[in-house]
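Participant: structural data only, the sequence is not supplied:
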């Protein structure tokens, strides 16, 4: 689902909003992912009863301390954002700790750019 989510993050304004986003943005982003079928997504969205039940189900399954997203856990430890809100940097730092000082190639390449 990451291509779909990335597309939405690139397309829609982030942060708390009480606006209704245009349906076409979701349709276009669904096309970027072979895992998302827009008609199925829309049917689920438009079924308010199902939406409520799904929200209730997953709210009950979510631990109470999860008060924001993304909530990233590596080896049982929550990854906190650094002061610049750089999740990639934090994941690379945790990866290096877990792998006894060895950096992931993506992290090394990113630090040289």
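Facilitator: Perfect, I can see it now. In this text, all values refer to a predicted model and were calculated from it rather than measured experimentally.

Participant: packing partners of the helix or strand harbouring residue 5?
Facilitator: When elements are assigned from DSSP states H and E, residue 5 belongs to helix 2-11. Packing partners of helix 2-11 (3 or more CB pairs under 8 Å, 6 or more residues apart in numbering; DSSP states H and E): helix 23-31. Any C-beta I mention is one placed from the backbone N, CA and C, and that applies to glycine too.

Participant: and the contacts of the helix it packs on?
Facilitator: The contact list for helix 23-31 (CB atoms under 8 Å, 6 or more residues apart in numbering) reads 4, 7, 8, 11, 12, 36, 37, 38, 41, 42.

Participant: and the angle for that helix with helix 2-11?
Facilitator: Going by axes from the mean of the first three to the mean of the last three CA atoms, to 10 degrees, helix 23-31 is angled at 140 degrees with respect to helix 2-11.

Participant: measure the closest residue to residue 90 other than its chain neighbours to residue 101 for me?
Facilitator: Among residues not flanking residue 90 along the chain, residue 79 sits closest, at 4.9 Å (CB to CB, 6 or more residues apart in numbering). Per CB to CB, to the nearest Å, residue 79 is found 18 Å from residue 101.

Participant: following the longest helix that the chain contains, which helix or strand shows up next?
Facilitator: If you go by DSSP state H, the chain has its longest helix at helix 48-61. The helix or strand immediately downstream of helix 48-61 is strand 73-74, counting by DSSP H and E.
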